[in-house]
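Asks: Task: produce atomic coordinates for the following.
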Amino acid sequence: MTGEELDRQIKRLETNTKVLQRLYFIRHRYAGDSVEEAAKRVGITKNSGYIWQRRWNKEGYVGLIPRYSGGRPSKLSDAQKEELKHLLENRNDWTSEEVRELIWERFDVQYTPKQIRVILRKMGMRHAKPYQHDYRRPDNAEDLFKKNPRNR
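Replies: Numbers count the residues shown, from 1 in each chain. The predicted structure follows:
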């Protein structure tokens, strides 16, 4: 890739900051900077600079795209997650701790409270502070409130 093509690519990729940083590193290398100087300019280590340069030389632009492996595999299978989702839909006032206990009892898998929140968020569920229920409140409280003439 020529220097002009590289500049055009940089202007097109302003949204992907990771690739953009790597392209700036390559631009500095084209300008004659050493790997150490170019790495310092973009704020990375010398080792990362050598890795990026190797990828650029071998694969070109595609080599600069980050390669995320996706992290550790889930302890729950997709079928178990689907079953959990159906169990959670039966009630709408679960606490994170209750969900954690349910997963432990049902699937024999332990998660941290933080991971429970991540799982629930991925399922499209939201968390909120529950309303407190007054045990003295009658079941027909709304009707009684509407019938009271002082509330009009």
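
Asks: Contacts for stretch 86-100 next, please.
Replies: 102, 106, 110-111, 113, 116-117, 120, 123, 125, 127, 130 (Cβ atoms under 8 Å, 6 or more residues apart in numbering). C-betas here are computed from N, CA, C, even on glycine.

Asks: how does it look with 10 Å?
Replies: Residues outside stretch 86-100 that contact it (Cβ atoms under 10 Å, 6 or more residues apart in numbering): 84, 101-103, 106, 109-117, 119-120, 123, 125, 127-128, 130-131, 133.

Asks: Ok, stretch 122-132 next?
Replies: 74, 81-82, 84-85, 88-89, 92-96, 99, 116-117, 119-121.

Asks: So which of those belong to helices?
Replies: Counting by DSSP state H, these place 81-82, 84-85, 88-89, 96, 99, 116-117, 119-121 in helices.

Asks: now those: which count as buried?
Replies: 81, 84, 88, 96, 99, 116-117, 119-120 (16 or more other Cβ atoms under 10 Å).

Asks: May I ask which two of those are separated the most?
Replies: Greatest spacing in these, by Cβ to Cβ: 81 and 96 (16.2 Å).

Asks: Give me the domain ranges for the chain.
Replies: Annotated domains of the chain cover 3-64, 78-122 [automatic domain parsing].

Asks: Nothing else from me, thank you.
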